[in-house]
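[1] Take this sequence and fold it.
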Amino acid sequence: MVLEAQKFLLLLWTCDFTEPIDESSTPACFRAKVCKHKSTEKDGPKMRDAERKCLVPRLVYLSMHGCVSSLRETEPNGSVSDITVGEMKTLLEKYARTIGYSMDDALSMILGISSGKKSMKDFAPDIVSWMSFAVFINAMNLWSNESVIPRTDPSSPSSWEIVDSLVKICIEEHLTDANRILTCPGNKIPLLVQMVTEPISWHLIIIQSCMRVVAPQGKKKKKSGPSVRPNMPQLQGIQRSVQCLIETLRSVQKWLSDQMSPEEQGLDILMSYLQGTGDEGPGQTFRVLEEKPIAHASELGDRIAQSLEAWSSTGVVRRIVGAEHEVLAEFKKMVDSKLKLLMSESASLSSMLH
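    The predicted structure is shown next:
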């Protein structure tokens with residue numbers, strides 16, 4: 001699960017997404033098959049999910065490129081080309097359609113959730129996709145000449161604040177609903193991993209892109225390099241967003257630490273859970289296997305009977321607990337790494353703003 005997320009991030013960084021997506025390069029026969037699959041109830045969601053994932057790498061690249069260009073004085077008026085803005089808007093419209101909404105309706109949904117006027121249930125089952133959509137909308141809003149998210153008055157939240165609120169709400173509600181992994185079959189940890197490795201990662205990449213321009217690293221800055229326009233309101237928005245991510249990931253870090261009990265304690269918890277279940281559920285399977293029905297060996301066959309003789313519920317539970325600990329430890333490393341990076345960015349911002 002965590003490994004798959006890491007592979008996707010590696011793919012994102014190693015592939016060339018500097019060229020626009022060319023739909024005409026796709027054979028017509030293949031496009032026809034895709035449309036045919038979309039029309040079926042079974043394959044439709046899978047195809048939309050695949051289409052959405054195909055849009056993400058280019059959206060991340062354009063978000064990075066746009067943020068960097070908008071902060072440099074070498075661009076006319078510090079703005080991004082109309083071609084880039086047009087492509088970004090087109091891709092976001094396609095992205096919104098894969099979730100089942102028009103661009104305007106999707107924006108209204110994000111504003112409703114972030115302000116508390118709509119329920120998180122309205123995001124299900126595409127909560128990760130909605131979070132990513134909000135991140136890309138914020139990136140475009142930073143460098144588009146026209147505000148993507150209209151502000152009716154000065155007190156209206158900025159696009160940074162909307163993303164911050166959305167990330168915090170989604171993560172906190174998820175942690176509140178998530179029960180202990182060992183005693184909750186089908187736990188939500190895969191979704192939590194996806195939240196951290198996708199939308200939060202995209203948001204962090206955009207923040208880093210801005211920071212590389214406004215706070216270039218290195219001993220000396222090249223004299224021939226473009227100068228950077230000081231933009232205090234934007235720096236303050238980035239700082240608030242960084243602080244929000246730090247607080248959110250710390251809550252994830254704490255939840256993970258609470259889940260990582262010693263092996264023997266985890267063994268007792270799971271064994272107690274399995275032994276306490278009724279006639280249905282995973283506990284029933286364990287009880288049947290522990291009976292070791294030697295009397296029915298002739299019906300089962302020698303190989304199955306020998307396997308049942310070697311069955312050890314304690315050994316199996318120990319392996320389950322070990323696997324859980326390994327997944328949590330790997331995920332916690334990822335969270336710790338992002339927190340370390342965010343703390344560094346926070347220190348840089350503090351020195352610039354004070």
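[2] and Leu249, what is it in contact with?
    Applying Cβ atoms under 8 Å, 6 or more residues apart in numbering, one finds that Leu249 lies in contact with Val196, Ile200, Val335, Lys338, Leu339, Leu342. Every C-beta, even on glycine, is put in place using the N, C-alpha and C of the backbone.
[3] What does the last one show for phi and psi?
    Backbone geometry at Leu342, expressed as degrees, to the nearest 10, gives phi -70, psi -40.
[4] now it, nearest residue through space, not along the chain?
    Closest residue to Leu342 apart from its sequence neighbours, by Cβ to Cβ, 6 or more residues apart in numbering: Ile246 at 5.0 Å.
[5] thought Lys338 was touching Val196?
    Yes. Checked against Cβ atoms under 8 Å, the pair Lys338 and Val196 is within contact range at 7.3 Å.
[6] so where is this protein shaky, pLDDT-wise?
    Low-confidence regions of the chain, defined by pLDDT under 70, span residues 1-43, 72-80, 150-154, 178-187, 215-231, 276-283, 285, 288-300, 308, 310.
[7] one more time with 90, if that's ok
    1-49, 65-86, 111-126, 141-159, 172-191, 210-237, 257-328, 348-354 (pLDDT under 90).
[8] before we move on, back to that, return the member of the contacts of Leu249 nearest to Leu235.
    Of all these, the one with the least separation from Leu235 (Cβ to Cβ) is Leu342, at 15.4 Å.
[9] Surely the closest one touches His203?
    No. Counting by Cβ under 8 Å, Leu342 stays clear of His203, with 10.5 Å between them.
[10] what residues are shared contacts of the two?
    In the contact map built from Cβ under 8 Å, 6+ apart, the residues linked to both Leu342 and His203 are Leu245.
[11] that older thread, Lys340 is in contact with the residue nearest to Leu342, correct?
    No. Contact between Ile246 and Lys340 fails when scored by Cβ under 8 Å: they sit 10.4 Å apart.
[12] Look at those two and report which has more neighbours.
    Summary of the neighbour comparison: Ile246 and Lys340, criterion other Cβ atoms under 10 Å, with Ile246 having more neighbours (16 against 9).
[13] So for the host helix or strand of that one, what gets flagged as buried?
    According to DSSP states H and E, Ile246 maps onto helix 232-259. With burial defined by 16 or more other Cβ atoms under 10 Å, the residues of helix 232-259 counted as buried are 234-235, 237-239, 241-242, 244-246, 248-249, 252-253, 255-256, 259.
[14] sorry, back to before: just among the contacts of Leu249, which is most surrounded?
    Ile200 (26 neighbours).
[15] In contact with it, which residues are there?
    Residues counted as contacts of Ile200 (Cβ under 8 Å, 6+ apart) are Met131, Val167, Leu245, Thr248, Leu249, Lys338.
[16] Surely Val213 is in contact with His65?
    No. With contacts counted by Cβ under 8 Å, Val213 stays clear of His65, the gap being 11.4 Å.
[17] Neighbour count for these two, which is higher?
    Comparing Val213 with His65 by other Cβ under 10 Å, the one with more neighbours is His65, at 19 against 16.
[18] what residues are up against the residue nearest to Ser350 when sequence neighbours are not counted?
    Of all residues beyond its chain neighbours, the one nearest Ser350 is Gln239 (7.5 Å), with distances taken as Cβ to Cβ, 6+ apart. Residues in contact with Gln239, defined by Cβ under 8 Å, 6+ apart, are Ser346, Leu349, Ser350, Leu353.
[19] Can you lay out those residues as TSV showing distance to Leu192, secondary structure and neighbour count?
    Written out in TSV, the entries for the contacts of Gln239 read as follows (distance: Cβ to Cβ, whole Å; DSSP: H, G, I helix; E, B strand; the rest coil; neighbours: other Cβ atoms under 10 Å):
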residue	distance to Leu192	secondary structure	neighbour count
Ser346	23	helix	16
Leu349	27	helix	22
Ser350	29	helix	11
Leu353	32	helix	11
